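Q: Prediction below, plus the sequence it came from.
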Amino acid sequence: MRDDFYIYWLCNIPGIGYAKIRGLLSEFGSPEAVYKASPDEIIFAMKKLTAQGVGSRECDGQDIPKTGVRFVKGDDKRLTESRYDTGMYDSYISLEKRGIRFTHPGRCDYPDRLRMIYDAPHILYYKGKLPGDAPSVAIIGTRNCSVYGRQMAYMLGRELAKEGVQIISGLAIGIDTHGHNGVIASGGKAFAVLGSGVDVCYPRCNIELYSNILQNGGILSEFAPGTEAKPGNFPVRNRIISALADVVVVVEAKKRSGSLITVEAALNQNKDVMAVPGRVQDVLSEGCNYLIKQGAHMVTCSSDVLGLLGINVLNNNKKNNFTLASEEEKVYGSICLIPKSIDTIIEETGFDAVKISEILLNLELTNYIEEVSKNYYVRKV
Amino acid sequence: MVSKVLCGNVYGLTAQIVAVEADVQSGLPGFEMGGSLSSEVREARERVRVALKNSGFAIRPQHVTINISPANTPKGGTAFDLAIAVGTLAANGLVEEAGLEESLIMGELSLDGSIHAVRGILPCIVKAKEMGLKRCIVPYDNAFEGAVIDGIDVYGAVSLKNVADFLNGKADSLEKVSHVDYANIAKAALKEEHSDKENIDFADVCGQESAVRASMIAAAGGHNILYMGAPGSGKTMMAKRIAGILPGLSLKESLEVSEIYSIAGLLDNTAGLITRPPYRSPHHTITLKALIGGGKVPNPGEITLANRGVLFLDELTEFKTATLDAMRQPLEDGRVTLSRCSNTYVFPAHFMLVAAMNPCKCGFYPDKNRCTCTESEVKRYKARISRPLMDRFDLCIYVSTVKYNDFSDSDKGKKGRTDTEDIRRRVAAARQIQHDRGILNAELTKEEIKEYCRLGNAEKALLEKVFEKLSLTARGYYKILKVARTIADMEESRSITERHIKEAVTYRV
């Protein structure tokens, strides 16, 4: 129990970041040892670590990273003085009141998937639950998604969660939100990794989803509670998203997209990457199509993902067994996954405005299509 | 000696016959006026004095007192000049008083004694007729406004001298306006409007069948309609054509509209009356007061000028929120109540609201390949229109961008084009049915909906399904019924069928 406080203390000292903590832990062995070390020992350790140097050195034609950390003047003071900072202990005590817990590699509830990675977080705050051992999939993609991306993310989230898969995402607007909404709809487990403190809902408009996730899943972050979202935090948290997942599914991404940072992290961590294909001209699918071209698995339905996870599902492909009247089928055939306006449908099918509105409502009421914007229709996935 | 001349006064939209009393007495020369007069009425003093002199009347130095009674109603405008001049002459014995008590005399004087047009002649003539007066002497330029009013003689006056001669018994010194039938004016106006094919023909609209259809329904039932669409898709063009397919005004409606226009000084003298539904399209920088009416003694705003016609608001999202929301109550009640310390004014505002807006800031949503807005930007853009105002639109339709083929290929274009004459006929027929019923579909109340929009079991089941599936509100439900009623009326069907409801649902906001 005391150990929890030592790690909390170590991770909350201003000016002492990820690399410095790692260096100190490697020197002293445990957070408790760092806490109890005398000022002289700390100065000695810091000097030693700084002397090892940073960057990498070449050895036998290979780049070997140096193990050192560059400590600066005053780091030792900050470390020793923070031991007497009673505010730190108060905030540690108040965590529980705020419904925030944390775990660290020294605890057995620390997710095993995180232990596997090279740069595992020293501390992981969470609200709700931590991800379990069940298969897990990350659904990621652009914030500014199309209706197609929205539907695919929602469908994947819903269908995968039905099979007991945990869905990891980043609570961003767009694909992340729609993927998790799908999970919530089927009552599955959703886990969101934030680039801010776990008690800071960013973006704020997702507060409803935030609280829905807490019902069954969890909100995780390696940043201290109260941390505001900063642009630099997001690439860092992306490695946790990919680490917590067995498979990373990119639903929609532009060619230069933050999602591709997560993909890179996933590849470094030896995870499978899957992508949802899109039309060749679609800007929003360029990144996905590129990934597929590079060898990523293609996702056209949820069983593609489940198959990769080794979960076998009965093929209940109930789509396409039409019981539509011929007129309705003609209109349905004209509507695709890209929003189409009522006038275009009229032009393509040749029905008049009166007839078409009747057929469109029939299709909408029978769940075949959806009106995404005024008089714009898409197929339902 | 006191003389009394009758004149018309308009405050707000109310016309009132007032008496201009003039008294002359010897003593220190002076010219006093009283009776809640605004500054332009007070300025009459100089105009009258000089005009009298220049018309050849020799007035000796004396003390003149003018009172306009009732003295407690506010008086503005320049229409009192002529009455004041005539009153002064009568008090001096230069004009016979015999005919004055049954004459309405209005007009603005110029320094040389000629008479200029003034605002508000029409409502004053109507009021004079109600009061049982026999004749009206009004500026020649306004005289045609009175042409359709039966039972009162209207004379057009050019100069003060002529008026004085006329009152002294020379009947031929003023020209009497010959009576014109309302039907003739209406026919002439319709003909003129139809000749202006540029602006009103639906044949120019190509490839936007659903929008034309929705416009037709809106016109037939008097429903408020909102067009959404990308920039350059023809929303404005469509809206302009709506006024053109509305049926003409009845004499009662025409008088109501023309009186407002007369007061606003917008009545075209050559036409006499306004017989076609007015079309107003204020720019989006319009102020709240210009829209709903304002001023110490309020002037009619755009919503009142659009009474019995169409108010078109282009780029709806660019209007100030407060300005738009001020329309909510008038839209519901068909009139606007403006309260001032001194008085409360009620102006009619029975208009059909037609509005156009883009679906997002760049205008291309939901075409994600062209639209650069984020989801939240789209939401924020739409939130500029308050929900209660949005709820007042009965129909909403997406106007899609015209494709090159639609207007380049003339053969194909012709086939899909709509015959404006046919639309007009169908709208008129649907309106006739509503007229027989006694109320426009757009103005049906909940009780009336229950009475006139009876549904069969199949229809009820459909509506229940729609209500659940599309999560409608109660207001949305009634709007669908109203629109379905109009669609049924257009087909001259007594009952509302499933088909009518389905079409109405497509046009929901």
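A: Now that the structure is in, tell me what you want to look at. Predicted model, so just to flag it, every value in this text is computed and none were measured.

Q: Any residue of stretch B:390-409 touching chain A?
A: Yes: judged by C-beta under 8 Å from any C-beta of the partner chain, stretch B:390-409 and chain A are in contact via B:396-398, B:400. For the C-beta atoms, the positions are set from N, CA and C on the backbone; glycine is no exception.

Q: Neighbour-wise, which one of those residues leads?
A: Neighbour counts for the residues of stretch B:390-409 next to chain A (other C-beta atoms under 10 Å in any protein chain shown) peak at B:I397, which has 29 neighbours.

Q: mind checking how far B:Y381 is from chain A?
A: According to C-beta to the nearest C-beta, to the nearest Å, B:Y381 stands 12 Å off from chain A.

Q: can you confirm that residue is in a helix?
A: Yes: per DSSP: H, G, I helix; E, B strand; the rest coil, B:Y381 lies within a helix segment.

Q: and it, what does it touch?
A: By C-beta atoms under 8 Å, 6 or more residues apart in numbering or on different chains, the residues touching B:Y381 are B:317, B:358-361, B:373.

Q: Just name the closest of those to chain A, please.
A: B:P359 (6.0 Å; C-beta to the nearest C-beta).

Q: low-scoring stretches of the chain, by residue?
A: With no chain named, the answer covers chain A. Residues of chain A that meet the criterion pLDDT under 70 lie in A:1-2, A:57, A:61, A:314-323.

Q: wait, chain B
A: By pLDDT under 70, the low-scoring segments of chain B are B:196-200, B:404-418.

Q: which stretch of helix or strand covers the residue nearest to B:G295 when sequence neighbours are not counted?
A: Spatially, and ignoring its direct neighbours in sequence, B:G295 is nearest to B:K289 (7.3 Å; C-beta to C-beta, 6 or more residues apart in numbering or on different chains). If you go by DSSP states H and E, B:K289 is part of helix B:288-292.

Q: likewise A:I356?
A: A:I356 is part of helix A:353-365, with elements assigned from DSSP H and E.

Q: elements contacting that helix?
A: Here helix A:353-365 touches helix A:326-334, helix A:342-349, strand A:369-373, helix B:209-221, helix B:457-469, helix B:498-506, going by 3 or more C-beta pairs under 8 Å, 6 or more residues apart in numbering or on different chains; DSSP states H and E.

Q: Same list, these, but as CSV with distance to A:Y8 and mean neighbour count please.
A: Below are the helices and strands packed on helix A:353-365 laid out as CSV (distance: least, C-beta to C-beta, whole Å; neighbours: other C-beta atoms under 10 Å in any protein chain shown):
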stretch, distance to A:Y8, mean neighbour count
helix A:326-334, 58, 16
helix A:342-349, 59, 21
strand A:369-373, 47, 19
helix B:209-221, 63, 26
helix B:457-469, 51, 15
helix B:498-506, 58, 24
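
Q: so which residue of the stretch 1-150 of chain A comes closest to chain B?
A: Taking C-beta to the nearest C-beta, the stretch 1-150 of chain A has A:S146 as its residue nearest chain B, at 3.9 Å.

Q: how about the helix or strand harbouring B:V354, does it get close to chain A?
A: If you go by DSSP H and E, B:V354 is part of strand B:352-357. No: figure legend: strand B:352-357 not in contact with chain A (C-beta under 8 Å from any C-beta); closest approach 10.1 Å.

Q: who touches residue 221 in this structure?
A: The chain I'm using is chain A. A:124-126, A:193-198, A:227, A:237.

Q: Switch to chain B, please.
A: So B:G221 contacts B:394, B:430, B:434, B:440-442, B:482-483, B:485-486, B:489 (C-beta under 8 Å, 6+ apart).

Q: Need the nearest residue in space to it, chain neighbours excluded.
A: Nearest residue to B:G221, sequence neighbours excluded (C-beta to C-beta, 6+ apart): B:T486, at 3.2 Å.

Q: List the residues that contact residue 358.
A: Looking at chain A here, since you left the chain open. By C-beta under 8 Å, 6+ apart, the contact set of A:E358 is B:499, B:502-503.

Q: I was after chain B.
A: B:228-231, B:315, B:317, B:381.

Q: do you know how far it is from B:L481?
A: Counting by C-beta to C-beta, to the nearest Å, the gap from B:N358 to B:L481 is 29 Å.

Q: returning to what we had before: partner strands of the strand holding B:V354 and their direction?
A: Strand B:352-357 has its sheet partners listed here by DSSP bridges as strand B:225-229 (parallel), strand B:310-313 (parallel).

Q: Can you show me the strands along the stretch 351-500 of chain B?
A: B:352-357, B:395-399 (DSSP state E, counting those that start in this stretch).

Q: how far is the first one from where the chain is centred?
A: Centroid separation for strand B:352-357 versus its chain: 16 Å, with C-alpha atoms, centre = their mean, to the nearest Å.

Q: got the contact list for stretch B:322-335?
A: Stretch B:322-335 has contacts (C-beta under 8 Å, 6+ apart) with B:224, B:286-288, B:291-292, B:303, B:313, B:316, B:336-337, B:346-350, B:353, B:385-386, B:388-389, B:392, B:443.

Q: Recalculate using a threshold of 6 Å.
A: Applying C-beta atoms under 6 Å, 6 or more residues apart in numbering or on different chains, the contact partners of stretch B:322-335 are B:288, B:291-292, B:303, B:336, B:346, B:348-350, B:386, B:388-389, B:392.

Q: Neighbouring strands - and their directions - for the top strand by length along chain B?
A: In chain B, with assignment by DSSP state E, the single longest strand is strand B:14-25. Sheet pairing of strand B:14-25 (DSSP bridges) gives strand B:2-11 (antiparallel), strand B:63-69 (antiparallel).

Q: now, of these, which is deepest in the fold?
A: Most buried of the strands paired with strand B:14-25 by mean neighbour count (mean count of other C-beta atoms under 10 Å in any protein chain shown) is strand B:2-11; its value is a mean of 23.

Q: Can I get that strand in CSV? Just the C-alpha atoms.
A: In CSV, the C-alpha atoms belonging to strand B:2-11 read as follows (Å, rounded to 0.1, in the frame of the first residue of the first chain):
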residue,chain,number,x,y,z
VAL,B,2,-64.1,79.5,-36.4
SER,B,3,-64.1,77.1,-39.3
LYS,B,4,-63.8,73.4,-39.4
VAL,B,5,-62.2,71.2,-42.1
LEU,B,6,-62.1,67.4,-42.0
CYS,B,7,-58.8,65.7,-42.6
GLY,B,8,-57.4,62.2,-42.2
ASN,B,9,-54.8,61.2,-39.6
VAL,B,10,-52.9,57.9,-39.5
TYR,B,11,-51.2,56.6,-36.4
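
Q: mind checking how far it is from the chain centre?
A: The answer for strand B:2-11 is 27 Å, by C-alpha atoms, centre = their mean.

Q: do stretch A:36-49 as well
A: Put simply, stretch A:36-49 sits 38 Å off its chain's centre (C-alpha atoms, centre = their mean).

Q: Tell me the buried residues in it?
A: Neighbour-count burial for stretch A:36-49 flags A:37, A:42-43, A:45-46, A:49 (criterion: 16 or more other C-beta atoms under 10 Å in any protein chain shown).

Q: mind listing the strands for the stretch 51-200 of chain A?
A: Counting by DSSP E, counting those that start in this stretch, the strands of the stretch 51-200 of chain A are A:56-59, A:62-65, A:101-103, A:124-128, A:136-140, A:166-169, A:190-193.

Q: can you redo those as CSV with mean neighbour count and distance to chain B?
A: Below are these laid out as CSV (neighbours: other C-beta atoms under 10 Å in any protein chain shown; distance: least, C-beta to the nearest C-beta, whole Å):
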stretch, mean neighbour count, distance to chain B
strand A:56-59, 9, 40
strand A:62-65, 9, 39
strand A:101-103, 21, 31
strand A:124-128, 23, 24
strand A:136-140, 29, 17
strand A:166-169, 28, 16
strand A:190-193, 28, 18
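
Q: could I get those strands as a markdown table with distance to B:N184?
A: Shown next, in a markdown table, are the strands of the stretch 51-200 of chain A (distance: least, C-beta to C-beta, whole Å):
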| stretch | distance to B:N184 |
| --- | --- |
| strand A:56-59 | 98 |
| strand A:62-65 | 98 |
| strand A:101-103 | 88 |
| strand A:124-128 | 80 |
| strand A:136-140 | 73 |
| strand A:166-169 | 74 |
| strand A:190-193 | 75 |
